[in-house]
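quick one, fold the following:
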Amino acid sequence: MHRRDLSLLLAFAIVVIAAVIVRARDEKHAAPQSAPTKQSSTSATPLILQERDGERRVRRPGGANPAWPFTIKVDGQNGNADDFFVLTEIMSPGQTIPFHMHHNAEEILILEEGGATVTVGDKRAVTGPHAVVFIPRETWVSVTNTGRESIHFAILMAKSNSSGLRDST
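Numbers count the residues shown, from 1 in each chain. As a prediction, this is how the structure comes out:
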């Protein structure tokens with residue numbers, strides 16, 4: 001396996017484990033059910049996605065930033081995932097994801113290729129290929145491609161409650 005594949009596999013495993021922990025915690029605090037229920041028709045769907053698979057979207061431009069595409073790989077509509085969200089993106093030199101935070105999700109950013117200047121909370125660093133950035137919920141984050149090459153990265157989010165991740169920013 002290549003480093004990129006191992007990085008993505010590790011990040012995916014982390015998100016799945018986090019989702020299981022969150023679900024267990026939520027079930028512990030939920031009202032007890034009188035009898036076990038059958039798996040509903042809204043169960044998650046297994047997916048095997050290639051690089052070009054997924055729901056293509058365009059990031060909203062902000063200020064001097066032009067819009068650029070990203071691909072939603074897994075979410076409530078793609079795979080019917082309850083607890084996490086996965087997208088991939090290619091960021092050209094000079095592009096910035098402006099400061100933002102997610103109120104109900106922890107996030108992992110995995111840089112497959114390229115490097116960026118990343119600010120998470122009070123930490124700031126220049127990252128390189130295969131870097132992994134963990135962003136706790138309620139933490140400000142910004143990513144800027146300050147290099148000369150495009151950045152290829154994956155974003156994995158594990159949510160901490162039942163509201164949709166698409167509405168969390």
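
ok, which stretches of the protein are strands?
55-59, 68-74, 84-91, 96-100, 105-113, 116-120, 123-127, 132-135, 141-144, 151-159 (DSSP state E).

between those strands, which gets nearest to residue 45?
strand 68-74 (9.5 Å; C-beta to C-beta). Using the backbone N, CA and C atoms, a C-beta is placed for each residue, glycine as well.

packing partners of that closest one?
strand 55-59, strand 84-91 (3 or more C-beta pairs under 8 Å, 6 or more residues apart in numbering; DSSP states H and E).

now render those strands as CSV, adding mean neighbour count.
As requested, those are exported to CSV (neighbours: other C-beta atoms under 10 Å):
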stretch, mean neighbour count
strand 55-59, 12
strand 84-91, 22
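
isn't residue 148 right next to residue 94, touching?
No. Look at residue 148 against residue 94 with C-beta atoms under 8 Å: they stay out of range, at 9.7 Å.

looking at the two, which has the bigger crowd around it?
residue 94 (13 against 9; other C-beta atoms under 10 Å).

where's the more buried one relative to residue 69, distance?
Note on residue 94: its distance to residue 69, by C-beta to C-beta, to the nearest Å, is 16 Å.

which residues does the residue lying closest to residue 93 once chain neighbours are set aside contact?
Sequence neighbours aside, residue 145 is the residue nearest to residue 93 in space, at 5.2 Å (criterion: C-beta to C-beta, 6 or more residues apart in numbering). Residues in contact with residue 145 (C-beta atoms under 8 Å, 6 or more residues apart in numbering) are 91, 92, 93, 94, 95, 96, 114, 116, 151.

so among those residues, where is pLDDT lowest?
Of all the contacts of residue 145, residue 114 carries the smallest pLDDT score, 86.

the closest residue in space to that residue that isn't next to it in sequence: neighbouring residues, count only.
The spatially closest residue to residue 114, leaving aside those adjacent along the chain, is residue 151, at 3.5 Å (C-beta to C-beta, 6+ apart). Around residue 151 there are 23 other residues, counting by other C-beta under 10 Å.

and residue 149, by the same measure?
12.

now the closest residue to it other than its chain neighbours: how far from residue 50?
In this structure, residue 149 finds its nearest non-sequential neighbour in residue 114, 4.9 Å apart by C-beta to C-beta, 6+ apart. Separation of residue 114 from residue 50 (C-beta to C-beta): 21 Å.
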